[in-house]
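Chemist: Just a sequence and a predicted model for now, questions to come.
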Amino acid sequence: MIARVLQGSGGTYRVRAEGRELDCSLRGRIKKGNTGSVAVGDRVQIEQLEDGSCRITEVLPRESVLARRAMARRRDQVMAANLDQLAIVVAVTRPEPDLHMLDRLLAVAELNDLDPFIVCNKTDLSDSLPPDLDLYRTIGYDILPTSVNEPSSINVLRERLAGRTTVLAGASGVGKSSLLNALMPGLDLRVGDVGERKGRGRHTTTSARLIPLDDETYIADTPGIQHFVPTGVSVEALGHAFPDLRPFEGVCRFADCRHRAEPGCAVLEALANDQIDQRRYEAYLDILAEAEAAELATRTRGDG
Ligand code: GDP
Ligand code: ZN
């Protein structure tokens, strides 16, 4: 039987198969192909033993992975596998949209091949969407207005999620848990329960989990995703993560231009001509600095 891994800790994995949730152990010698181990989101082959217990016998090839850089380790840590899209939730108000986090999350999505879209929640609190979001529509990102008090908007969101695995991210208080509860009555998440779960130690981040809406539709909760440093991406490719920078990138004089102060930089020129938004450019610089630091750390560790 093929199952999807929802959660895993201490050698036990909660999986979903054919509408049921089961706890599985790992078979001693498991076929992992080229994956390091079992990750949340993996599609796995499971077998049921005579005593009723289940175990994972094989991890099917991954279509994608979301990894985070673990400073103390040699390898990047796989947070989750087989994710399709990233829903970034902001609120019309209370709280005001955190544009910095939005820019980061959009870049994380682009760099990890997640299809991003913006959910603008709490539309019942205002007559219009925040003007700051116009820019994102211009760049080409979809904006889905929602309110947990407006069932038709929840149905539109449900359609957008159907058949896919969607990471739900966004600042605290924007309504992620409330949206999940609206999508799935009976789930009974505590308000504030998505994306905020605290790790035990100072530097631990709680691991990812999938919340099933049905056998084909999953919501991924990956705490701290907004802090992910781009991994495995060449620093020169970072500009690609900003669709609004992309048209100018190829025109720079130097192919490896980082668009900071290089002569003949078309991005800087577009910025001067107001063809690129200043805040978006600053978000790019922020992420560039982090990617450079990560690149340096990798080289120092000697595995890059
Ligand atoms: P989370 O931290 O992103 O999971 O946000 P919560 O789901 O905990 O919601 C934070 C607060 O916003 C709670 O008081 C919710 O009742 C409220 N809230 C969530 N969605 C909506 C909405 O669509 N409209 C209104 N007016 N309030 C909402
Ligand atoms: Zn440039």
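Modeler: Received, thanks. Numbering: from 1, shown residues only. Ligands and ions are numbered 1, 2, ... in the order given.
Chemist: Can you measure across stretch 108-125, start residue to end residue?
Modeler: 29 Å (CA to CA, to the nearest Å).
Chemist: Kindly report the same for stretch 250-264.
Modeler: 11 Å.
Chemist: Is any residue of it near ligand 2?
Modeler: Yes - using CB under 5 Å from the ion, we find that stretch 250-264 touches ligand 2 at 252, 257, 259. For glycine as for every other residue, the C-beta is placed from the backbone atoms N, C-alpha and C.
Chemist: same deal with stretch 283-303?
Modeler: No - contact of stretch 283-303 with ligand 2 (CB under 5 Å from the ion) is absent, the minimum separation being 10.6 Å.
Chemist: Report the distance from that stretch to the chain centre.
Modeler: With CA atoms, centre = their mean, to the nearest Å as the basis, stretch 283-303 stands 20 Å off its chain's centre.
Chemist: cool, and stretch 274-285?
Modeler: On CA atoms, centre = their mean, the centre of stretch 274-285 falls 22 Å from that of its chain.
Chemist: which one of the residues of stretch 250-264 next to ligand 2 has the most neighbours?
Modeler: H259 (24 neighbours; other CB atoms under 10 Å).
Chemist: what about that one, distance to R246?
Modeler: Distance, H259 to R246, using CB to CB, to the nearest Å: 11 Å.
Chemist: Find residues that contact each of those two.
Modeler: Counting by CB atoms under 8 Å, 6 or more residues apart in numbering, the contacts common to H259 and R246 are G239.
Chemist: and stretch 116-136, how far apart are its ends?
Modeler: 11 Å.
Chemist: Just the buried positions in it, please.
Modeler: 116-123, 129, 133, 136 (16 or more other CB atoms under 10 Å).
Chemist: Go back to the residues you listed and keep what's next to ligand 1.
Modeler: The subset of the buried residues of stretch 116-136 within reach of ligand 1, by CB under 6 Å from any ligand atom, is 121-122.
Chemist: Make CSV from the buried residues of stretch 116-136 and add secondary structure and pLDDT to it.
Modeler: Shown next, in CSV, are these (DSSP: H, G, I helix; E, B strand; the rest coil; pLDDT from 0 to 100):
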residue, secondary structure, pLDDT
P116, strand, 98
F117, strand, 98
I118, strand, 98
V119, strand, 98
C120, strand, 98
N121, strand, 98
K122, coil, 98
T123, helix, 98
L129, coil, 97
L133, helix, 98
Y136, helix, 98
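Chemist: Excluding chain neighbours, give the residue nearest to A171 in space.
Modeler: D98 (4.6 Å; CB to CB, 6 or more residues apart in numbering).
Chemist: residue contacts, the nearest residue to C54 once chain neighbours are set aside?
Modeler: Excluding the flanking residues, the one nearest C54 by CB to CB, 6+ apart is C24, at 4.4 Å. Shown in contact with C24 (CB under 8 Å, 6+ apart): 3, 12-15, 44, 46, 54-56.
Chemist: Let's see that with 6 Å instead.
Modeler: By CB atoms under 6 Å, 6 or more residues apart in numbering, C24 lies in contact with 13, 15, 46, 54-56.
Chemist: Over to T217?
Modeler: Taking CB under 6 Å, 6+ apart, one finds 161-163 in contact with T217.
Chemist: E292 now?
Modeler: V235.
Chemist: Could you do V267 as well?
Modeler: V267 touches 245, 248, 259, counting by CB under 6 Å, 6+ apart.
Chemist: Over to T165?
Modeler: 83-84, 218, 220.
Chemist: Among those, name the buried ones.
Modeler: Buried among these by 16+ other CB under 10 Å: 83-84, 218, 220.
Chemist: Can you give the strand pairings for the helix or strand where the residue nearest to C54 lies, parallel or anti for each?
Modeler: Of the helices and strands defined by DSSP states H and E, C24 is found in strand 20-31. Paired with strand 20-31 in the same sheet, following DSSP bridges, are strand 12-17 (antiparallel), strand 54-59 (parallel).
Chemist: residue ranges with poor pLDDT in the stretch 101-250 of the chain?
Modeler: Residue ranges of the stretch 101-250 of the chain with pLDDT under 70: 188-194, 196-205, 230-232.
Chemist: What is the burial count for the residue of it found nearest ligand 2?
Modeler: Ligand 2 sits closest to E249 of the stretch 101-250 of the chain, with a gap of 6.5 Å, by CB to the ion. Number of residues near E249 (other CB under 10 Å) recorded here: 20.
Chemist: Relative to R246, how far out is the nearest residue to it once chain neighbours are set aside?
Modeler: Leaving aside its chain neighbours, E249 sits nearest to G239 (4.7 Å; criterion: CB to CB, 6+ apart). Per CB to CB, G239 is found 7 Å from R246.
Chemist: for L135, same thing?
Modeler: From L135 across to R246, the span is 15 Å (CB to CB).
Chemist: What of T93?
Modeler: In terms of CB to CB, T93 sits 31 Å off from R246.
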